[in-house]
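Asks: What would the 3D arrangement of this be:
(chains A and B)
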Protein chains: 2
Amino acid sequence: MEKLSIIKIGGNIIEDESSLHEFLKLFSNLTGKKILVHGGGKKATQMAAKLGIASTMVNGRRITDAATLKVITMVYGGLVNKNIIAKLQSLGINAIGLSGADGNTILSSKRPVKEIDYGFVGDVKNVDNQAIEVLINHDFTPVFCAITHDGNGQLLNTNADTITSQIAVSMSKNYETSIYYCFELNGVLEDINDKNSVIKHINSKSYSTLLSDGIIADGMLPKLENCFNALKNGVRAVFMGNTTILTKENENYTKIML
Amino acid sequence: MEKLSIIKIGGNIIEDESSLHEFLKLFSNLTGKKILVHGGGKKATQMAAKLGIASTMVNGRRITDAATLKVITMVYGGLVNKNIIAKLQSLGINAIGLSGADGNTILSSKRPVKEIDYGFVGDVKNVDNQAIEVLINHDFTPVFCAITHDGNGQLLNTNADTITSQIAVSMSKNYETSIYYCFELNGVLEDINDKNSVIKHINSKSYSTLLSDGIIADGMLPKLENCFNALKNGVRAVFMGNTTILTKENENYTKIML
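Replies: I've put the predicted structure just below:
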């Protein structure tokens, strides 16, 4: 099977223009078929503040009311996505920007209200790998923002890590897929206070030990659960680290396989 | 050759939610291959005002400084485009939202500064009909916002009427194309004060007479120049009127052919 890389960048890269530019150069130099997924992070919070819309966070998650969804649609779907597309075009990549509504690529359902009403937040139901294949087979490079739709006309704010792994799982039917999570750390750390304490390899067995030893906790826990879920469903490998994991020079990152 | 309809909607339809919904229903019922082009009109002006950005107009045209371009990218490329896409999906149309940067579909150049510096405004240089054909041949329905790019990473605000006619001209290479300009009037009017005085047919000869009689003037002049330019370059027909020109019921509209 042909290889396909699915790369996710976090808010820290998007917020800083020179970091974004450096990343996009690395991304454009990556050989083979590829897909980019981005969030928008603080840019949406900043825009909401400018518009007098309060950002409500519960357990570190954003509550997406109608006004916040508008801001997210403007910032993620418009400002961030279209600027990434224009920059990738200037780097010779024929990028095409997508929300999950575009081409019906990612269908989700509004998260049911239990103790917390997250508002217009979507949980992914289906990724249309055939629609995405049409694009990549014609040398378009899809760039997804973290917005999906419910099929009934409603856009939904959706976790970018989840979108990444769900796309990767769906594309695994016809491609050998790898996920690259680029974030502010060099990888999964043994000691959160030592940025060089990168755990280079994690598999199912060592993951159990890391969990029982309490080394993986807090924000890293859902990220790794997400990774193993993807690996169990056909994804070959997950790489986590800073943006230079896209190059051959970096040997200090976390590689996760089953 | 297969038929292709290119439909442009103006700000008056986008600004009113029920008008937009009615239009999208008519658009979804239109048979055959089709492309939609939209501006964003007052929504961008309103958002700019909320953000404390003054909108400067010279001779009825918006001056697009860097802050205004950001707003346009958010509103046209994000808010308006993605909501149209989600609504069309709910109506069974596999819509895909595009700026001219996406798939490098519309390349433009920044308008040179003469007496007036229009700022980040683009004049269309090239429409990639092959990229658009890939999409429509795979049953995607492209929905363009009025933003293009210069190939060097810069997004540019671009007139939606011009984008429409340039797409139509480019697609005429392999399709029999018709343009539908949906706007607030029933068509080109003989008497601007009588909304029912629609001129039903215009051709090159009658156009000369209408011009010399001063019946076509002001805002209608560039619109019609644009139409004849498209017709001289391969477009078969241009229809102008309210949104019901997409139906068979409406017989009160302007049809323009060479």
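Asks: Check what pLDDT residue A:63 gets.
Replies: With respect to pLDDT, residue A:63 has a value of 91.
Asks: Does it touch residue A:120 like I think?
Replies: No - the criterion here is C-beta atoms under 8 Å, and residue A:63 misses it with residue A:120 at 9.4 Å. Glycine gets a C-beta too; all of them are placed from N, C-alpha and C.
Asks: number of nearby residues for residue A:237?
Replies: A count of nearby residues for residue A:237, using other C-beta atoms under 10 Å in any protein chain shown, gives 16.
Asks: what about residue A:63 and residue A:120, which has more around it?
Replies: For the pair residue A:63 and residue A:120, the greater number of neighbours falls to residue A:120 (22 against 17), based on other C-beta under 10 Å.
Asks: my read: the more buried one touches residue A:64, true?
Replies: Yes - here residue A:120 lies in contact with residue A:64, judged by C-beta under 8 Å, at a distance of 4.5 Å.
Asks: which residue sits closest to the residue in the stretch 151-258 of chain A that chain B sits nearest to, ignoring its sequence neighbours?
Replies: Per C-beta to the nearest C-beta, the residue of the stretch 151-258 of chain A with the smallest distance to chain B is residue A:153, at 3.8 Å. Once flanking residues are discounted, residue A:153 sits nearest to residue B:90: 3.8 Å by C-beta to C-beta, 6 or more residues apart in numbering or on different chains.
Asks: Next, the contact list for that neighbour, please.
Replies: Each residue near residue B:90 by C-beta atoms under 8 Å, 6 or more residues apart in numbering or on different chains is listed here: A:151-153.
Asks: Checking the residue of the stretch 151-258 of chain A closest to chain B next. Helix, strand or coil?
Replies: Classification of residue A:153 using DSSP: H, G, I helix; E, B strand; the rest coil returns coil.
Asks: Next, count neighbours for the closest residue in space to residue A:154 that isn't next to it in sequence.
Replies: Leaving aside its sequence neighbours, residue A:154 sits nearest to residue B:86 (C-beta to C-beta, 6+ apart; 6.5 Å). The number of residues packed near residue B:86 is 27, by other C-beta under 10 Å.
Asks: Show the pLDDT at residue A:229.
Replies: 96.
Asks: let me redo that: residue A:108
Replies: For residue A:108, the pLDDT comes out at 98.
Asks: Quick check: closest non-adjacent residue to it.
Replies: In this structure, residue A:108 finds its nearest non-sequential neighbour in residue A:122, 3.1 Å apart by C-beta to C-beta, 6+ apart.
Asks: Roughly how far does the one you found sit from residue A:76?
Replies: According to C-beta to C-beta, to the nearest Å, residue A:122 stands 13 Å off from residue A:76.
Asks: Which positions in the stretch 151-258 of chain A make contact with chain B?
Replies: Selection of the stretch 151-258 of chain A residues close to chain B by C-beta under 8 Å from any C-beta of the partner chain yields A:151-155.
Asks: For residue A:181, give the beta-bridge partners.
Replies: On the basis of DSSP bridges, residue A:181 is bridged to residue A:8, residue A:240.
Asks: Show me whatever sits in contact with both of residue A:120 and residue A:64.
Replies: Joint contacts of residue A:120 and residue A:64 (C-beta under 8 Å, 6+ apart) are A:156-157.
Asks: By proximity to chain B, which residue of chain A wins?
Replies: Closest point on chain A to chain B, by C-beta to the nearest C-beta, is residue A:78, at 2.4 Å.
Asks: That residue contacts residue B:78, doesn't it?
Replies: Yes - counting by C-beta under 8 Å, residue A:78 does reach residue B:78; the two are 2.4 Å apart.
Asks: Find the residues that touch each one of those two.
Replies: Common neighbours of residue A:78 and residue B:78 are not found (criterion: C-beta under 8 Å, 6+ apart).
Asks: Name the helix or strand of chain A that has the lowest mean pLDDT.
Replies: strand A:61-62 (a mean of 76; mean pLDDT, DSSP states H and E).
Asks: buried set for the next helix or strand after that one?
Replies: For strand A:61-62, the succeeding helix or strand toward the C-terminus, using DSSP states H and E, is helix A:66-72. Buried residues in helix A:66-72, counted by 16 or more other C-beta atoms under 10 Å in any protein chain shown: A:68-72.
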